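>>> Provided below for reference: sequence and predicted model.
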Amino acid sequence: MAAQKINEAHEHIAKAEKCLKTNMTKWKPDYDSAATEYAKAAVAFKNAKQFDQAKEAYLKEAEYHTENKALFHAAKAYEQAGMMLKDMKRMPEAIQLIEKASIMYVENGTAGTAGIALDRAGKLMEPMDLMKAVDLYQKAASVFENEDRLRQAAELLGKASRLLVRLHRLDEAAVSLQKEKNMYREFENYPTCFKKTIAQVLVHLHRADFVAADKCVRESYSIPGFSGSEDCGAMEMLLQGYDEQDEDLVHRVCHSALLKYMDNDYAKLAISLKVPGGGGGKKKSTAAPQGGAGGPSPAAAEDDDYEGGLC
């Protein structure tokens with residue numbers, strides 16, 4: 001079966017080469033037909049599990065679609081070539097081709113397809129390189145934002161925010177969460193804004209920036225429905241407990257169902273949050289508080305990491 005498919009592929013390549021030949025009566029190569037034949041050859045190679053040859057055939061297809069000014073079809077062929085490289089476990093090369101395809105999709109006026117391709121690439125990179133996945137999700141979000149498709153942009157930024165938290169890049173996570181929250185507010189998804197406020201507070205407190213965490217909550221009072229909500233009450237209690245170095249109160253809020261059942265990366269932030277000047281235990285310390293509420297003591301700063309680590 002594989003040999004038959006390989007022979008079929010070579011037949012299509014021979015036809016493609018014939019389409020490219022010129023003579024006295026045919027002055028211009030038939031790029032469109034050549035691209036079509038290479039596409040058929042690529043499928044035959046793929047069915048025969050000859051991924052490297054399939055990749056080369058897709059690249060030839062892309063080349064001749066580009067010659068024919070058929071940018072959408074060229075982009076699709078580059079994306080398919082990237083998928084062949086993915087099957088060969090050559091991920092960096094695969095992502096390069098998918099990014100090239102996304103640029104061509106945008107140039108062709110099909111930005112939505114570019115965003116989908118970048119999102120798919122991000123998912124492929126997550127098990128291998130989280131920071132590259134963040135970059136791809138952010139690029140995809142930017143594509144959708146430029147198209148005023150804010151729901152898709154916000155969802156992709158959400159993926160980037162969670163990975164930045166997992167990577168302990170909390171300054172960048174804080175910026176990403178704010179942009180994400182602004183988008184949800186713009187299209188009036190207020191309940192999600194409440195959850196983003198909780199995530200922001202957790203990130204800022206892990207950054208030992210009480211002022212920024214408090215500001216997030218105060219600014220959220222202007223979001224319809226936030227003031228008086230369960231989310232608002234929990235954050236007010238958390239900030240009070242953190243400010244007063246009340247470990248018991250912080251522990252109760254951070255281990256409540258409201259926070260424990262958030263996205264896993266934020267739930268881990270909640271259960272690993274330590275009170276400045278506290279002993280890091282669950283209960284309020286009986287000893288005199290050490291350090292001020294405005295920032296952690298040096299010991300607390302050393303401990304202000306993720307318990308067990310974030311994978």
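Yep, it's here. These numbers were taken from a predicted model, which means no experiment stands behind them. Numbering: from 1, shown residues only.

>>> biggest helix in this protein by residues?
Using DSSP state H, we find that the single longest helix of the chain is helix 2-20.

>>> next SSE after that one?
Following helix 2-20 in sequence order, the next helix or strand is helix 31-47 (DSSP states H and E).

>>> residues in contact with Lys231?
You called it Lys, but residue 231 is Asp. Asp231 sits next to Phe194, Lys195, Thr197, Ile198, Leu258 when contact means C-beta atoms under 8 Å, 6 or more residues apart in numbering. In this view, the C-beta of every residue, glycine as well, is placed from N, C-alpha and C.

>>> Would you list the phi and psi of the nearest residue to Ile271 once chain neighbours are set aside?
Distances taken as C-beta to C-beta, 6 or more residues apart in numbering place Cys254 nearest to Ile271, at 5.8 Å, with adjacent residues excluded. The phi and psi torsions at Cys254 (degrees, to the nearest 10) take the values phi -70, psi -20.

>>> swap in the one 3 residues further on?
Listed backbone geometry of Ala257 is phi -60, psi -30, with angles given as degrees, to the nearest 10.

>>> How about Leu205, nearest residue that isn't a chain neighbour?
Sequence neighbours aside, Ala213 is the residue nearest to Leu205 in space, at 5.2 Å (criterion: C-beta to C-beta, 6+ apart).

>>> can you count the residues close to the one you found?
Residues near Ala213, counting by other C-beta atoms under 10 Å, number 25.

>>> For stretch 9-18, which outside residues touch it?
Outside stretch 9-18, the residues that touch it by C-beta under 8 Å, 6+ apart are 33-35, 37-38, 40-42, 44-45, 48, 50, 53, 57, 60, 64.

>>> Val250 reaches Pro276, doesn't it?
No: in terms of C-beta atoms under 8 Å, Val250 does not count as a neighbour of Pro276; the distance is 10.2 Å.

>>> okay, and the common contacts of these two?
Jointly contacting Val250 and Pro276 under the rule C-beta under 8 Å, 6+ apart are Tyr242.

>>> the more surrounded of those two?
Legend: neighbour count by other C-beta under 10 Å for Val250 and Pro276, higher for Val250 (26 against 23).

>>> and that one, how far is that from Met235?
According to C-beta to C-beta, to the nearest Å, Val250 stands 12 Å off from Met235.

>>> Tabulate the CA atom coordinates of the host helix or strand of Glu155 in CSV.
Using DSSP H and E, Glu155 maps to helix 150-166. Taking Å, rounded to 0.1, in the frame of the first residue of the first chain, the C-alpha atoms of helix 150-166 are listed here in CSV:
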residue,chain,number,x,y,z
LEU,A,150,-12.2,40.9,21.3
ARG,A,151,-13.8,37.7,22.6
GLN,A,152,-11.3,35.5,20.8
ALA,A,153,-8.4,37.9,21.7
ALA,A,154,-9.4,37.8,25.4
GLU,A,155,-9.5,34.0,25.4
LEU,A,156,-6.0,33.8,23.9
LEU,A,157,-4.6,36.4,26.3
GLY,A,158,-6.1,34.3,29.1
LYS,A,159,-4.0,31.3,27.9
ALA,A,160,-0.9,33.6,27.8
SER,A,161,-1.6,34.9,31.3
ARG,A,162,-1.9,31.5,32.8
LEU,A,163,1.3,30.3,31.3
LEU,A,164,3.1,33.4,32.5
VAL,A,165,1.9,32.6,36.0
ARG,A,166,3.2,29.0,35.6
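
>>> Need the phi and psi values for the residue lying closest to Ile6 once chain neighbours are set aside.
Leaving aside its sequence neighbours, Ile6 sits nearest to Ala48 (C-beta to C-beta, 6+ apart; 5.0 Å). Dihedral angles of Ala48 (phi, psi; degrees, to the nearest 10) stand at phi -90, psi 10.

>>> what number of residues lie near Ala48?
Using other C-beta under 10 Å, Ala48 is surrounded by 19 other residues.

>>> hang on, it packs against Asn7?
No: contact criterion C-beta under 8 Å: Ala48 and Asn7 do not qualify, at 9.4 Å.

>>> Okay, now the unreliable bits of the chain?
The model of the chain has pLDDT under 70 over residues 278-311.
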